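Undergrad: missing the sequence, but the structure's below:
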């Protein structure tokens, strides 16, 4: 009975659901006053991610307000390296700060056996969100679990935080392929376990965020984006054949067609991607997800209406999930989000 | 007598010169001890750009050391807004700092009539480099002039400096198209005058750097990258039909084919571009330039040899200029550059 399945799962299954299912990356976040109220009451960001009651609450907030087709686990891509024993701090206004992984000893210190205990609260959050969605009448909303892709997580671990171009990471990838490859292998296997546990706890779809894939040359992209994603997707599909995987290789550009061969059920399109051209490079059965510019949502008005209409026009008749091309930003007016939801829901 | 023309100009003219002509973006720069020695003697970076004797000297330094096929004018893309009357400072370790252009009054304050006097030293540098190349026996080296493309220059003017995603610029482009479009028009016309003056002073090719083109959605890319480049190239080709133009729309990704319609003679490929796929999207007569990862040059050894060999393999038989995919970085060992030159010169 496919028509009774949730709209997001139908689209990820290759069906051209219309109007398209929609959600927004980072939809549980600082643009929502109810999120800021919860956040104000916790000592730090990691505490929010690892306190199931609070993480489940903020996961549900945007669903209550906008009725999105997906809720995405409230967490952070750096929770996995943190669970592996790598340090992590979030400094106000600075983003994440981590020790810099630059040698074999730091790699050897990562301990995959610690992960299940450390991420137990995340799994409890997943269970609570599933229960909450059912209890609050959001029977059509799909719960998405997620992890950072190994390359993007490695970027933060090697640089010790964010960076404009992740130069130290690329330098290590070229100069010490044994060390960098070892880090990638450790992260790849840990990511499989982490996402698999989320599926077991109740996540109905999984997303792999490779935010910095676009800084790589084609040869490194194949080795450190496509190969690990292929391994992760194959293993997840073997263990959880009913749980689709969304890959998000941000700024993949011309590599998007090759990325489709990872076996993902959907590919997230960043804002720069021309959807018509992307369609020509990705097999018909693979759903696309994206890609409104978050700054068009900040601007609102004619710019928002026109950019949204252009996306809907390109994607009609194809498996598609409406989303942003990058995370929603804190200064986004909530009434602009409401206007966007109204426009997408009215797509004809 | 095409065989007597300089190799770079032959490649930009659509000829598959082999081994390919080569130069490196930011080849006159801090990785060279002789550059650091000159830089140490001037009060600030703007003074270096506007003192013809010194700017010409550092332009010639990498040619003396490596015999590149192109010398590129030593200057900065922010010299043009500075000449228009917009403030500019380079702070040590911080990059450029500018006033933030956020209203019509700041736009109206830009004064194109000031530009010729302010950029007179740049034109004197061009003349000195041409004379220097001839005097020092570099008769096969082509002098490239350049400017920032209007969108990238506007990014720095609106943000007041560098940024990871130029969010304020994109927000203005969506929310106030009259103001942002006015800024783009002013910069487009000023860029034509500035590049045209460089050609008159002796620049034999011109390059348009759109370093931040990749942050735009496809619709804004068409409006603020492709349209101004088309206007600039058309006017430059009308005035200087023998001076080819190289466009560098960094991170253009899937838009690279549309960018070719601007009329440029060559397109710079950033590191992320898969050259085989790019070839399929760009007309045969348009040269490609790029795209070794600057971090592979830092790493040296097998990584450098393999990445370089892959580029040469893809580009053989096609009009091509070997270059990096982004500027050379200060920590690059000079002997790695020497090894790269040797490998490219030996391409068979």
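TA: Received, thanks. Keep in mind the model is a prediction, meaning the values are calculated, not measured.

Undergrad: For the closest residue to residue A:77 other than its chain neighbours, give me its contacts.
TA: Nearest-residue entry for residue A:77: residue A:148, 2.9 Å, with adjacent residues in sequence omitted and distances by CB to CB, 6 or more residues apart in numbering or on different chains. C-beta: built from backbone N, CA, C; applies to glycine. Counting by CB atoms under 8 Å, 6 or more residues apart in numbering or on different chains, residue A:148 touches A:77, A:78, A:80, A:156, A:191, A:208, A:209, A:210, A:211.

Undergrad: Pretty sure the third one sits against residue A:192.
TA: No: Residue A:80 is beyond contact range of residue A:192, at 10.9 Å (criterion: CB atoms under 8 Å).

Undergrad: neighbour count winner among those two?
TA: residue A:80 (24 against 20; other CB atoms under 10 Å in any protein chain shown).

Undergrad: Tell me the spacing between residue A:224 and residue A:169.
TA: 9 Å (CB to CB, to the nearest Å).

Undergrad: Could I get the contacting residues of the residue in chain A that chain B sits nearest to?
TA: Going by CB to the nearest CB, chain B is nearest to residue A:253 of chain A, at 2.7 Å. Counting by CB under 8 Å, 6+ apart, residue A:253 touches A:214, A:272, A:273, B:251, B:252, B:253, B:254, B:272, B:273.

Undergrad: Of all pairs in these, which one is the farthest apart?
TA: A:273 and B:273 (14.5 Å; CB to CB).

Undergrad: still on that earlier bit, partner residues bridging the residue nearest to residue A:77?
TA: Counting by DSSP bridges, residue A:148 is bridged to residue A:209.

Undergrad: and residue A:284, how many neighbours?
TA: Look at residue A:284: counted by other CB under 10 Å, it has 10 neighbours.

Undergrad: Residue A:332 against residue A:294, yeah?
TA: Yes: between residue A:332 and residue A:294 there is a contact at 7.1 Å, judged by CB under 8 Å.

Undergrad: Mind listing the shared neighbours of residue A:224 and residue A:169?
TA: The contact lists of residue A:224 and residue A:169 share A:154, A:180, where a contact means CB under 8 Å, 6+ apart.

Undergrad: residues of stretch A:335-344 that come out buried?
TA: Across stretch A:335-344, burial judged by 16 or more other CB atoms under 10 Å in any protein chain shown covers A:336, A:337, A:339, A:340, A:341, A:343, A:344.

Undergrad: show me the residues around the third one that make contact.
TA: When the contact criterion is CB under 8 Å, 6+ apart, the partners of residue A:339 are A:300, A:304, A:305.

Undergrad: ditto for the last one
TA: Taking CB under 8 Å, 6+ apart, we find residue A:344 in contact with A:19, A:20, A:22, A:308, A:312, A:322.

Undergrad: same thing but 6 Å
TA: A:22, A:322 (CB atoms under 6 Å, 6 or more residues apart in numbering or on different chains).

Undergrad: Okay, it and residue A:332: tell me how far apart.
TA: Remark: distance between residue A:344 and residue A:332 (CB to CB) = 16 Å.

Undergrad: Likewise for the third one?
TA: Counting by CB to CB, the gap between residue A:339 and residue A:332 amounts to 11 Å.

Undergrad: Residue A:240 too?
TA: Applying CB to CB, the value for residue A:240 to residue A:332 is 33 Å.

Undergrad: pLDDT averaged over stretch A:182-202 - what is it?
TA: On average, the pLDDT along stretch A:182-202 is 98.

Undergrad: Return the distance of it from the chain's centre.
TA: Chain-centre distance of stretch A:182-202: 14 Å, with CA atoms, centre = their mean, to the nearest Å.

Undergrad: Name the surrounding residues that touch it.
TA: With CB under 6 Å, 6+ apart as the criterion, stretch A:182-202 contacts A:80, A:107, A:110, A:112, A:123, A:126-127, A:130, A:145, A:147, A:150, A:153-154, A:206, A:224, A:228, A:231-232, A:235-236, A:239-240, A:243.

Undergrad: same deal with stretch A:98-110?
TA: Stretch A:98-110 has contacts (CB under 6 Å, 6+ apart) with A:84, A:85, A:87, A:88, A:156, A:157, A:158, A:160, A:179, A:182, A:183, A:186.

Undergrad: And the residues you listed, which is closest to residue B:94?
TA: residue A:160 (19.3 Å).

Undergrad: got a list of what that closest one touches?
TA: A:98, A:100.

Undergrad: gap between it and residue A:78?
TA: From residue A:160 to residue A:78 the distance is 12 Å (CB to CB).

Undergrad: what does residue A:235 give?
TA: 22 Å.

Undergrad: Now do the strands in the stretch 151-300 of chain A.
TA: A:205-210, A:245-249, A:266-268, A:287-292 (DSSP state E, counting those that start in this stretch).
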